[in-house]
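**Q** Task: produce atomic coordinates for the following.
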Amino acid sequence: MIDTDFLAETLLKLLGGLPITLELSTISILAGVVLAVLLALLRQASRVGGLFVRAYVFVLRGTPLLLQIFLVYYGLGQFPLIRHSILWPFLREPWWCAILALTLNTAAYGSEIVRGGLAAVPTGAVEAARVAGMSRWTMYRRIILPLAFRQALPAYGNEWVIMVKSTSLASIVTLMEVTGQAYAIISETYRAMEVFLCAGAIYLTLTFLLTRAIGALEHRLTPYLRRPETTLGGLA
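**A** Now for the predicted structure:
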């Protein structure tokens, strides 16, 4: 028999970790987007930059995120240069280590998505911008990047959903987000099934809301794909 009182109490406790989950996912996604764009542009800028980005993407995509969090949290402190730098007050905190690992990971995947979006920009749009006398920076800011973002949005939306769920790994570095709260409750009650069902419901709700928001943004940015509205008389 399902204990509804326990489920309700557990859900309320898990919601206490929701702000940390939202902060981790929001900051890492926003920082990851910026870094992904810079990496994609660097890959196009020079051969050396392209080799660096390829190596970066290969390593970050080829290793588990869990391992990357461990390396950032436990590994960086092994270097005296890091411990005596101005970064150490941040990198010794689990919060910033989790943010750094999540950002670096999503940027690796995002850079490939952005690269695909840049490749999908119509050549005619670029040529028209050049004929209009736009500088390279203006052309990227007003033509290339907006078009690339529209092309990359569906794939990037999937990466954002994955990143929201990946914040659950931050619990291994003592951050009490939703999954961390779930582990704490299980250690007290030994009722893993009910606790994880509540945690799953929270993540499911978050991903549903995020996918709806991405769908609305995609609909707004692609007006040419919308069905023409009709009047009461059936006329367009």
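**Q** Report the buried residues of stretch 124-135.
**A** Of all the residues in stretch 124-135, those buried under the rule 16 or more other CB atoms under 10 Å are Val126, Ala129, Met134. For the C-beta atoms, the positions are set from N, CA and C on the backbone; glycine is no exception.
**Q** Stretch 184-195 too?
**A** Neighbour-count burial for stretch 184-195 [16+ other CB under 10 Å]: Ala184, Ile185, Ile186, Glu194, Val195.
**Q** name the element the last one belongs to?
**A** Same thing as Val195. Using DSSP states H and E, Val195 maps to helix 192-221.
**Q** Against which helices or strands is that helix packed?
**A** For helix 192-221, the packing partners by 3 or more CB pairs under 8 Å, 6 or more residues apart in numbering; DSSP states H and E come out as helix 4-15, helix 18-45, helix 145-166, helix 178-189.
**Q** Can you pull out the low-pLDDT segments for the chain?
**A** Applying pLDDT under 70 to the chain flags residues 1, 223-236.
**Q** how close does the spatially closest residue to Ala120 that is not a sequence neighbour sit to Ala45?
**A** Leaving aside its chain neighbours, Ala120 sits nearest to Gln151 (4.2 Å; criterion: CB to CB, 6 or more residues apart in numbering). When distance is defined by CB to CB, to the nearest Å, Gln151 is 20 Å away from Ala45.
**Q** Among the two, which residue is more densely surrounded?
**A** Gln151 (20 against 11; other CB atoms under 10 Å).
**Q** Could you check how far the more buried one is from Ser28?
**A** 23 Å.
**Q** same question, Pro122
**A** Taking CB to CB, one finds Pro122 at 32 Å from Ser28.
**Q** what's the host helix or strand of Gln68 packed up against?
**A** Using DSSP H and E, Gln68 falls within helix 65-70. When contacts are defined as 3+ CB pairs under 8 Å, 6+ apart, helix 65-70 packs onto helix 94-119.
**Q** What are the buried residues along the helix it packs on?
**A** 94-115, 117-118.
**Q** Please look at Lys13 and Gly180 and confirm they touch.
**A** No: with contact defined as CB atoms under 8 Å, Lys13 does not reach Gly180; the gap is 11.2 Å.
**Q** more neighbours, these two?
**A** Legend: neighbour count by other CB under 10 Å for Lys13 and Gly180, higher for Gly180 (21 against 16).
**Q** Isn't that one up against Thr174?
**A** Yes: judged on CB under 8 Å, Gly180 makes contact with Thr174 at a distance of 7.4 Å.
**Q** who has more neighbours, Pro122 and Ser28?
**A** Ranked by neighbour count (other CB under 10 Å), Pro122 and Ser28 place Ser28 first, with 26 against 11.
**Q** Roughly how far does the more buried one sit from Ile99?
**A** Distance, Ser28 to Ile99, by CB to CB: 6 Å.
**Q** Repeat that for Ile144.
**A** 29 Å.
**Q** ok, now Leu91?
**A** The separation that Leu91 has from Ile99, given CB to CB, amounts to 10 Å.
**Q** got it, and Glu177?
**A** 12 Å.
**Q** Find residues that contact each of the two.
**A** Leu24 (CB atoms under 8 Å, 6 or more residues apart in numbering).
**Q** Please state the backbone phi and psi of Tyr121?
**A** Actually, residue 121 is Val. It isn't Tyr. phi -70, psi 130 (degrees, to the nearest 10).
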